[in-house]
Each structure stands twice: as structure tokens, then as C-alpha cells.
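> Fold the stuff below for me.
(2 chains)
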Amino acid sequence: MPAFELLQPASIADALELLDRHGPSAWVLAGGLDSFDWLKDRIKRPSVVVDLSGVVEMKGVRPRGEGLEIGAMTTLTDVVRHPMVEQRFGILTNAAEAAASPQIRNQGTIGGNVSQDTRCWYYRAGWSCYRAGGNICYADTPQAINREHAILGADRCVAVSPSDTAPALVALDAEMVIRSKAGERVVPAEDYFIGPGTDITRMTVLRTGELLVAIRIPGTWAGSTFYFEKVADRNVWDFPLVNVASAMVLSGNTVQRMRIAVNGVAARPLRLVAVEDAMRGKARTDDALTAAGELAIQGAVPLQFNAYKVPLLRNLVKRAIRGAEGT
Amino acid sequence: MNILTWGRNPWGEWILTHISWGLLWAALFAGLAFLVAHASYMLLSRHRKRAAHETDAMEAARPDLPPRIVRHSLAARLFHWVMAGAMFVLLFTAFLPIAGVKFAWVAWHWMAGLVLAASILFHIVHATIWMDFWSIWVGPSDLPELKAELMRELGHDVAGPRPGKYPLGNRLYHLAIVLAGLGVMATGLTMLVRVRTPFLTRNPYLLSDTTWGLTYVLHGLAGVSLVGLVMAHVYFAVRPEKWWITKSMILGWITRRQYLEHHDPQRWVAR
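As a prediction, this is how the structure comes out:
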């Protein structure tokens, strides 16, 4: 691994000071599961690594009003095991538990899980693709192996977000608390993630010098009817091909209101607003579910090897609305 | 500052990717420096304008001329403003994201590019068939006019030729914009095959890495050149002493007095 200077702040203020001082040459290290791939493959060569593992104030789950605040450095295991998360926002428990393997969840953090880079192997090989600042997408060519890539929202780059917790947080209408030396800003989870059309070299709105310090989940959807499902090639230690998360408030079989998000189909988790609007006030009949599934795949453009994601997405959306009791 | 940006392809070869975006700031700086220099010169210089009594006499001698002289046909004006609109969209969508204003720009960029290409093709046909094609170009025969204009700028009253339909600066600018415009259009149309459009099947392997790299570099160089050229164009369009030309691009005509004051009636025969 290339040499770098390791800095280990003990507080958010110290971390922000270091990030401000070192600017773009600083690399933020959370659990290290994404970072060490980059560093050990010698693709990224930061001169300074700011290790957040000693920042205690970024760890833990705390009640906040009717909802929760989760420190960005809270491990996925701690999120999964926290009783308040499980009782009130079970969808996040399920999503965090679906990530990777127990060992990785012990090390990986929720902040890292939502902020991790894409797993497109063309990009991670260090070639000069669009996302790496070049002028080509090697995954979007007739010869490319692009089974895991995007069917929606592609704009030159067809990489996808690999996060399992991201769609759950979008469905829960979570807020991302971002701090820098200049102050704090709070961004809805839906807007935390950005697609290649907006910025092809970033997955999130985080800028140089900024840190995701916490995730706030409002009480709006606490205790709703939740659904999370992840489809991957393996049941453990794998990234999603497609995952879906929904939160619904039901009156009998009728959807009073809902939020639904999917991931693995675009460079960012997609909230399916058209599906939410179509289902509001409707009974969960087969016809309504079919219409919702069709709405979800509108505009899908499959690549050479990922056309299977279109029916997969359609059916996952139907299953998410039908809910666990209907599967 | 690097001028070019390089990358590595899957075969481990170093390939050109595009120009260094530092050139954008260099073009902006050069454009601003030119504006400041020209504005200062105009304030301080002794450039010679035709005296009012001279123009009075010329106007009295040409009662046969209509009060309004048509300078730009409706088709020519429409082309100009459509092209201008497309150019601004292209420049803003290309360079605002580089300057830090992030938005989904690609679709706007290629659509504006197609509008620009269509307007340029229209202009080529229109100018070739319906306009005085050679009146906008420069050549060795313009040297006497160049010398006379330089002398007037230095404050001398010379009898040398005055411009035909287009002043020499206008024609030199046109030449520069033709080179940059055709460069950006040819490379931009080629680059369409790399993005998703309803018109073409995407094929990034149409050209070799080297050829693509050169295409991107030429597109970038033409693009940053247009930043400076457009800045200069807008600057001259809003300068008080050039406003009559800008107005003619809106209304289509100039007055008989402006025609006689600024042009050589032998070189541009008003109809």
C-alpha cells in the first residue's frame, strides 16, 4: 500500500480542522472497507488519511424528538442490534443486516455504507473512464460486461450505487447532517446522492472538507408497514443487483401514504415518486400493483447484459407494495 | 499549468483525454484582459472619426439613397440570434459545471449543439446562394484598408479605403469564429456517438483512443477559444460607438447617414 500520513482526530472539530488543512489531498477513512480497496490497489494515492474511528461523538444511536439520530461512524452491526431502530424503523434494521457479511458489518459504518463509491470494475480498475475524469464509459459499450450496471438515470456513466441502507433511508425520509469548517447543512437523504448528469465524478453531495456526521430519521414513518428486499447473486457478502425499500401507512388494504425507493438500478438510490402518487388512496389490488410495477420501469434502458433488471425491478416494486403479509 | 490531460486505457497505454480545464480560466482571463485593454485604449486614444460636416456633405450629395439601408435580411438576423442563443447554451452548459455549478447539462448541451450545427449549415447555404459571399472574408486585397484603419486609430486623417459592408474587424472576427465554430461543430457531432441520443447508436469504439483524444482536445480548444471570442463579441455589441451595428442586427437596417459615415459606397452598393 502506498505510504500516507495517518491522522486520527478525536473529535469532529479536529477532523474538520484536518480536512480543511489538507483539502483534496485528504482521504476520509470510516470503516475502511471501501477505502482499503482503493488504497491497496494503488488506484487512489492520498498523501493524508483522516481516520474517524476515534471520533466517539460520531458513534451511537440517540433518540431525537419522535425519531432517531444515528452517528455516521455507528457500525452496521450496532444499527442492526439497536432495539429502538428495530422497534420503530425495522426497515433500516433489515437493510443494514442485508449488507455484506457479519464481519464486514462489525467494521463497516452506516456513514461509509451510504457514502461508498460505486463498484463498477472498469472504474475501480483505475482506467480513465468518465467517473475517473476521462472521456469514456467502458461499461456502456457493446462488448462490455455490464450485468450489474444501471438501467435508469444513466448519463454517460452507467455505474450504480451499491448501498443497501441508502434506499431504506430515502424511504424513511432521513436527513443527512453534513459539517464543515463553514458550518452545518442538513440534506434530505433523497438529495444526498447525486447522479452522473449532475456530477459524474461523485456519488454524493459531499464536497472537499465536508463530513457526514450523522443521519437523522424523523418519526414520520415510525411503526409503518415496512418492506425491504435485496436481490443479489449470493445471500451474504455481496452487493445488491437490485434492492427495494418501502414504508407505507395503510388503512385496511388501502395505501394512505407511502414512500418507496430502489437501488442498484441507477447511480443513486431512486425514490419512485410516480409509484407513490399512483398508489396513494388506492387498494393494493393486482391491477394497482401491476400499474405500479410498470410505472417503476418507465424510461428503463437496459444495456447488453442487464435487461433482467427490468422485470426484477418491476416485480420487486410490486412485492414491496404488496408487503410481507402478501408475499 | 498543464495544457492537456492524460489518462490510462485498459491496455495500460497513456491516452489523451481532454484539455486541462485551467485553459478555461486562461481564456476568461485573456478575454477580460482584452476588454480592459481595448476600453482603456478607446478612452485614451486619438482615433479619428469622420467629422460631422463631412457626413452632412455626403448625405446631401446622395439624395437618391433611401433613408433606411437594409443591412441584414430577416433570414440572416434569425440565423444570428438562433446561433447566439445556441452558443450561450453551449458555453454555459459546458463550462458552468467545470466552474462548480453542478446540474444535468449533457442533454442541453448536445441539443443546443444540434441547433448550432443546423443554423451553421443553413448559414452556409444562405450565404453562398443569397448573400454577397465574399463580402465577409479577408484577403491580401484588404491590406490598404488595414493600413488606413490603423492610421485612423492612431489619429491620422487618411483618405484610404473605408469598409465595404463589413468592417475589417468584423471580418477578422468572422474568420476566427468560423475556425472555432466549425472545429467545435465537427468534433461535437463526432462526440454525439459517445452519448445517448435518439439519433445514433452509441459506439465509443468508433474511433481509436488516440483519435478520440484528439477529438476531445480539439473540441475543448475550440470551446475555450469561443469563450474569449464570445466575450469580445458581446463587448463590442454593447459599446456605444458600435451600437448602430448591433441595432441593425435587430432591426435589419441602418440609416443613410450611418451608411455614408462608416462605409465605402463603392465597396458596398446599397440597393
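> which non-adjacent residue is nearest the residue of chain A positioned farthest from its centre?
Distance from the C-alpha centroid of chain A peaks at residue A:252, with 31.2 Å (C-alpha atoms, centre = their mean). Nearest non-adjacent residue to residue A:252, counting by C-beta to C-beta, 6 or more residues apart in numbering or on different chains: residue A:283, 7.9 Å away. Placement of C-beta: from N, CA and C, glycine included.
> Can you verify my assumption that that neighbour contacts residue A:254?
Yes - between residue A:283 and residue A:254 a contact is recorded at 5.0 Å, counting by C-beta atoms under 8 Å.
> Can you tell me the closest non-neighbouring residue to the residue in chain B that chain A sits nearest to?
Residue nearest to chain A within chain B: residue B:7 (2.4 Å; C-beta to the nearest C-beta). Using C-beta to C-beta, 6+ apart and skipping the chain neighbours, the partner closest in space to residue B:7 is residue A:128 (2.4 Å).
> show me what contacts that neighbour?
Contact analysis of residue A:128 by C-beta atoms under 8 Å, 6 or more residues apart in numbering or on different chains lists A:134-136, B:7-9, B:15, B:17.
> State the helix or strand in which it lies.
For residue A:128, there is no host helix or strand (DSSP states H and E).
> from the contacts of residue A:128, which single one is nearest residue B:266?
Nearest to residue B:266 among the contacts of residue A:128: residue A:135, at 51.9 Å, using C-beta to C-beta.
> Where does that closest one sit: helix, strand or coil?
Assigned with DSSP: H, G, I helix; E, B strand; the rest coil, residue A:135 falls in the coil class.
> now the strands for the stretch 201-327 of chain A?
A:211-217, A:225-231, A:242-251, A:254-263, A:270-271 (DSSP state E, counting those that start in this stretch).
> Between these, which one is closest to chain B.
Checked against C-beta to the nearest C-beta, the stretch from the strands of the stretch 201-327 of chain A lying closest is strand A:270-271, at 14.4 Å.
> for the residue of chain B closest to chain A, which residues make a bridge with it?
Judged by DSSP bridges, the bridge partners of residue B:7 are residue B:15.
> shouldn't it be in contact with residue A:127?
Yes - at 7.3 Å, residue B:7 counts as touching residue A:127 under the criterion of C-beta under 8 Å.
> still on that earlier bit, using TSV, please lay out the contacts of residue A:128 together with neighbour count and distance to residue B:54.
Shown next, in TSV, are these (neighbours: other C-beta atoms under 10 Å in any protein chain shown; distance: C-beta to C-beta, whole Å):
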residue	neighbour count	distance to residue B:54
A:134	24	61
A:135	25	57
A:136	26	62
B:7	21	62
B:8	16	67
B:9	17	66
B:15	20	62
B:17	25	58
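> ok, of those, which one's closest to residue A:309?
Of the contacts of residue A:128, the one sitting nearest to residue A:309 (C-beta to C-beta) turns out to be residue A:136, at 22.7 Å.
> Can you verify my assumption that the closest one contacts residue B:204?
Yes - Residue A:136 is within contact range of residue B:204, at 5.1 Å (criterion: C-beta under 8 Å).
> which neighbours do these two share?
Shared contacts of residue A:136 and residue B:204, defined by C-beta under 8 Å, 6+ apart, are found at B:194, B:212.
> show me what contacts the residue of chain B closest to chain A?
By C-beta under 8 Å, 6+ apart, the residues touching residue B:7 are A:127-128, A:132-135, B:14-17.
> Same check on residue B:249?
By C-beta under 8 Å, 6+ apart, the contact set of residue B:249 is B:72, B:77, B:80-81.
> just curious, which of those residues is nearest to residue B:141?
residue B:72 (23.8 Å).
> Model confidence for the closest residue to that closest one other than its chain neighbours, exactly?
What sits nearest to residue B:72 in space, not counting adjacent residues and going by C-beta to C-beta, 6+ apart, is residue B:252, at 5.2 Å. Looking at residue B:252, its pLDDT is 94.
> Residue of the stretch 101-250 of chain A closest to chain B, please.
Here the stretch 101-250 of chain A gets closest to chain B at one residue, residue A:128, 2.4 Å apart by C-beta to the nearest C-beta.
> The helix ranked longest in chain B: which residues count as buried?
Among all segments of chain B classified by DSSP state H, the helix with the greatest residue count is helix B:209-238. Within helix B:209-238, the residues that count as buried by 16 or more other C-beta atoms under 10 Å in any protein chain shown are B:209, B:212-213, B:215-233, B:235-236.
> isn't residue A:268 right up against residue A:197?
No - with contact defined as C-beta under 8 Å, residue A:268 does not reach residue A:197; the gap is 10.1 Å.
> the more surrounded of these two?
residue A:268 (26 against 19; other C-beta atoms under 10 Å in any protein chain shown).
> residue contacts, the nearest residue to the more buried one once chain neighbours are set aside?
Excluding the flanking residues, the one nearest residue A:268 by C-beta to C-beta, 6+ apart is residue A:193, at 3.6 Å. Under the criterion of C-beta under 8 Å, 6+ apart, the contact list for residue A:193 reads A:114, A:161, A:166, A:203-205, A:267-269.
> same question, residue A:63
By C-beta under 8 Å, 6+ apart, the contact list for residue A:63 reads A:69, A:84.
> try 10 Å
Residues near residue A:63 by C-beta atoms under 10 Å, 6 or more residues apart in numbering or on different chains: A:69, A:84, A:88, A:219.
> Just the terminal-to-terminal distance for stretch B:8-15.
6 Å (C-alpha to C-alpha, to the nearest Å).
> give the contact list for residue B:69.
By C-beta under 10 Å, 6+ apart, the contact list for residue B:69 reads B:248, B:252-260, B:263, B:265, B:268, B:270-271.
> which residues of the stretch 51-200 of chain A fall in strands?
Using DSSP E, counting those that start in this stretch, strands in the stretch 51-200 of chain A cover A:61-64, A:67-71, A:175-180, A:183-188.
> Save those as TSV, and put in mean pLDDT and distance to residue A:312 too.
Converted to TSV, the strands of the stretch 51-200 of chain A look like this (pLDDT from 0 to 100; distance: least, C-beta to C-beta, whole Å):
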stretch	mean pLDDT	distance to residue A:312
strand A:61-64	97	32
strand A:67-71	98	29
strand A:175-180	98	28
strand A:183-188	98	27
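> looking at those, which is closest to residue B:41?
When those are compared by C-beta to C-beta, strand A:175-180 sits nearest residue B:41, at 45.1 Å.
> That closest one near chain B at all?
No - Strand A:175-180 does not reach chain B (C-beta under 10 Å from any C-beta of the partner chain); its nearest approach is 15.2 Å.
> Would you list the phi and psi of residue B:104?
Per-residue torsions, residue B:104: phi -80, psi 100 (degrees, to the nearest 10).
> isn't it right next to residue B:96, touching?
No - using C-beta atoms under 10 Å, residue B:104 is not in contact with residue B:96; the gap is 11.7 Å.
> now stretch A:143-160: mean pLDDT?
The average pLDDT within stretch A:143-160 is 95.
> who are the neighbours in contact with residue A:53?
Contacts of residue A:53 (C-beta under 10 Å, 6+ apart): A:8-9, A:29-32, A:59, A:73, A:107, A:109.
> typo on my end, residue B:94
Applying C-beta under 10 Å, 6+ apart to residue B:94 gives the contacts B:24, B:105, B:108-109, B:112-113, B:184, B:188, B:219-220, B:223-224, B:226-227.
> any idea how far the closest residue to residue A:157 other than its chain neighbours lies from residue A:274?
Sequence neighbours aside, residue A:196 is the residue nearest to residue A:157 in space, at 4.0 Å (criterion: C-beta to C-beta, 6+ apart). Separation of residue A:196 from residue A:274 (C-beta to C-beta, to the nearest Å) stands at 21 Å.
> Between the two, which is the more surrounded one?
Using other C-beta under 10 Å, the more surrounded residue of residue A:196 and residue A:274 is residue A:196, with 26 against 12.
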